[in-house]
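K.L.:
Any chance you can model this:
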Amino acid sequence: MQSLRDCQPCATAAGAFGRRPGCCILYLILMLQLSFLSRVAFICNICLLLALVMRYYSFIPSLDLQSTVLVAGLVLSFVINVLVNLAYGVLLVKKRSVGTFVPIWLATINFLFLVFQFYLILAR
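P.N.:
Below you'll find the predicted structure:
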(Lines give C-alpha, C1' and ligand atoms only; values in the text may rest on other atoms or scores of the structure.)
Protein backbone atom coordinates (compact mmCIF):
# COMPACT_ATOMS: atom_id res chain seq x y z
CA MET A 1 0.00 0.00 0.00
CA GLN A 2 1.27 3.44 -0.84
CA SER A 3 1.72 6.14 1.73
CA LEU A 4 0.75 9.73 1.12
CA ARG A 5 4.41 10.62 0.49
CA ASP A 6 4.61 8.15 -2.40
CA CYS A 7 1.43 9.40 -4.06
CA GLN A 8 1.70 10.40 -7.69
CA PRO A 9 1.02 14.03 -8.57
CA CYS A 10 -2.41 14.72 -9.99
CA ALA A 11 -3.48 17.04 -12.77
CA THR A 12 -4.90 20.37 -11.69
CA ALA A 13 -7.83 22.11 -13.34
CA ALA A 14 -5.42 24.15 -15.50
CA GLY A 15 -3.90 20.95 -16.87
CA ALA A 16 -0.49 21.39 -15.26
CA PHE A 17 0.74 18.80 -12.84
CA GLY A 18 0.86 19.73 -9.20
CA ARG A 19 -0.38 18.62 -5.81
CA ARG A 20 -3.84 19.41 -4.58
CA PRO A 21 -4.67 18.87 -0.92
CA GLY A 22 -7.14 15.99 -1.38
CA CYS A 23 -5.67 14.52 -4.53
CA CYS A 24 -3.54 11.83 -2.90
CA ILE A 25 -6.35 10.76 -0.61
CA LEU A 26 -8.72 10.49 -3.59
CA TYR A 27 -6.08 8.48 -5.46
CA LEU A 28 -5.69 6.07 -2.53
CA ILE A 29 -9.47 5.67 -2.18
CA LEU A 30 -9.79 4.80 -5.88
CA MET A 31 -7.01 2.26 -5.62
CA LEU A 32 -8.56 0.67 -2.53
CA GLN A 33 -11.78 0.33 -4.52
CA LEU A 34 -9.80 -1.35 -7.30
CA SER A 35 -8.45 -3.84 -4.79
CA PHE A 36 -11.98 -4.54 -3.53
CA LEU A 37 -13.42 -4.83 -7.05
CA SER A 38 -10.62 -7.19 -8.03
CA ARG A 39 -11.60 -9.51 -5.21
CA VAL A 40 -15.28 -9.27 -6.13
CA ALA A 41 -14.39 -10.06 -9.76
CA PHE A 42 -12.46 -13.13 -8.58
CA ILE A 43 -15.45 -14.36 -6.56
CA CYS A 44 -17.77 -13.77 -9.52
CA ASN A 45 -15.35 -15.66 -11.77
CA ILE A 46 -15.47 -18.62 -9.40
CA CYS A 47 -19.27 -18.38 -9.57
CA LEU A 48 -18.96 -18.49 -13.37
CA LEU A 49 -17.10 -21.79 -13.12
CA LEU A 50 -19.72 -23.12 -10.69
CA ALA A 51 -22.53 -21.99 -13.04
CA LEU A 52 -20.91 -23.78 -15.96
CA VAL A 53 -20.57 -26.97 -13.90
CA MET A 54 -24.19 -26.61 -12.69
CA ARG A 55 -25.36 -26.97 -16.29
CA TYR A 56 -24.46 -30.66 -16.01
CA TYR A 57 -24.54 -31.43 -12.27
CA SER A 58 -26.86 -29.92 -9.72
CA PHE A 59 -24.82 -30.06 -6.54
CA ILE A 60 -26.14 -27.01 -4.65
CA PRO A 61 -29.29 -28.05 -2.74
CA SER A 62 -30.73 -24.59 -2.08
CA LEU A 63 -32.51 -22.93 -5.00
CA ASP A 64 -31.77 -19.49 -3.56
CA LEU A 65 -28.06 -20.18 -3.51
CA GLN A 66 -28.24 -21.65 -7.01
CA SER A 67 -29.87 -18.50 -8.38
CA THR A 68 -27.29 -16.31 -6.63
CA VAL A 69 -24.43 -18.31 -8.12
CA LEU A 70 -26.02 -18.17 -11.57
CA VAL A 71 -26.58 -14.41 -11.50
CA ALA A 72 -23.13 -13.69 -10.07
CA GLY A 73 -21.46 -16.06 -12.52
CA LEU A 74 -23.34 -15.46 -15.74
CA VAL A 75 -24.12 -11.75 -15.42
CA LEU A 76 -21.97 -9.97 -12.87
CA SER A 77 -18.71 -11.72 -13.72
CA PHE A 78 -18.72 -10.35 -17.27
CA VAL A 79 -19.47 -6.77 -16.23
CA ILE A 80 -17.16 -6.54 -13.23
CA ASN A 81 -14.30 -8.39 -14.90
CA VAL A 82 -14.33 -6.04 -17.89
CA LEU A 83 -14.33 -2.99 -15.59
CA VAL A 84 -11.51 -4.33 -13.45
CA ASN A 85 -9.36 -5.23 -16.44
CA LEU A 86 -9.99 -1.81 -17.97
CA ALA A 87 -8.72 -0.28 -14.72
CA TYR A 88 -5.64 -2.50 -14.94
CA GLY A 89 -5.12 -1.30 -18.48
CA VAL A 90 -5.40 2.35 -17.43
CA LEU A 91 -2.80 1.74 -14.74
CA LEU A 92 -0.47 0.12 -17.25
CA VAL A 93 -0.94 2.94 -19.77
CA LYS A 94 -0.11 5.47 -17.06
CA LYS A 95 3.01 3.38 -16.35
CA ARG A 96 1.97 2.53 -12.80
CA SER A 97 2.48 -0.91 -11.37
CA VAL A 98 -0.67 -2.97 -10.92
CA GLY A 99 1.18 -5.00 -8.28
CA THR A 100 1.29 -1.96 -6.01
CA PHE A 101 -2.45 -2.13 -5.37
CA VAL A 102 -3.51 -5.65 -6.32
CA PRO A 103 -1.58 -8.93 -5.96
CA ILE A 104 -0.12 -9.96 -9.31
CA TRP A 105 -1.68 -13.43 -9.11
CA LEU A 106 -5.15 -11.87 -8.72
CA ALA A 107 -4.68 -9.55 -11.69
CA THR A 108 -3.36 -12.44 -13.79
CA ILE A 109 -6.25 -14.75 -12.91
CA ASN A 110 -8.80 -12.00 -13.59
CA PHE A 111 -7.20 -11.40 -16.99
CA LEU A 112 -7.22 -15.11 -17.82
CA PHE A 113 -10.89 -15.29 -16.87
CA LEU A 114 -11.54 -12.30 -19.17
CA VAL A 115 -9.94 -14.19 -22.07
CA PHE A 116 -12.06 -17.23 -21.18
CA GLN A 117 -15.20 -15.08 -21.05
CA PHE A 118 -14.47 -13.61 -24.48
CA TYR A 119 -14.02 -17.16 -25.74
CA LEU A 120 -17.43 -18.12 -24.29
CA ILE A 121 -19.06 -15.14 -25.97
CA LEU A 122 -17.41 -15.65 -29.36
CA ALA A 123 -17.77 -19.45 -29.42
CA ARG A 124 -21.57 -19.32 -29.34
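K.L.:
Show me the helices in this structure, by range?
P.N.:
Residue ranges of the helices in the chain, as given by DSSP state H, are 23-54, 63-71, 77-93, 104-123.
K.L.:
what's the angle between the longest one and helix 77-93?
P.N.:
Using axes from the mean of the first three to the mean of the last three C-alpha atoms, to 10 degrees, the interaxial angle of helix 23-54 with respect to helix 77-93 works out to 140 degrees.
K.L.:
Run the chain-centre distance for stretch 30-46.
P.N.:
Taking C-alpha atoms, centre = their mean, to the nearest Å, one finds stretch 30-46 lying 4 Å from the centre of the chain it belongs to.
K.L.:
what does that stretch rub up against?
P.N.:
With contacts defined as C-beta atoms under 8 Å, 6 or more residues apart in numbering, stretch 30-46 is touched by 2, 72-73, 76-77, 80-81, 83-84, 87, 100-102, 106-107, 109-110, 113. Where you see a C-beta, it was placed from the backbone N, CA and C, and this is true even at glycine.
K.L.:
wait, isn't residue 84 in contact with residue 110?
P.N.:
Yes: the pair formed by residue 84 and residue 110 meets the contact definition of C-beta atoms under 8 Å, at 5.7 Å.
K.L.:
With neighbour numbers in mind, choose between those two.
P.N.:
The neighbour count for residue 84 versus residue 110, taken as other C-beta atoms under 10 Å, is higher for residue 84 (26 against 23).
K.L.:
about what we covered before: mind putting the helices of the chain in CSV, mean pLDDT included?
P.N.:
Rendered in CSV, the data for those read as follows (pLDDT from 0 to 100):
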stretch, mean pLDDT
helix 23-54, 86
helix 63-71, 91
helix 77-93, 91
helix 104-123, 95
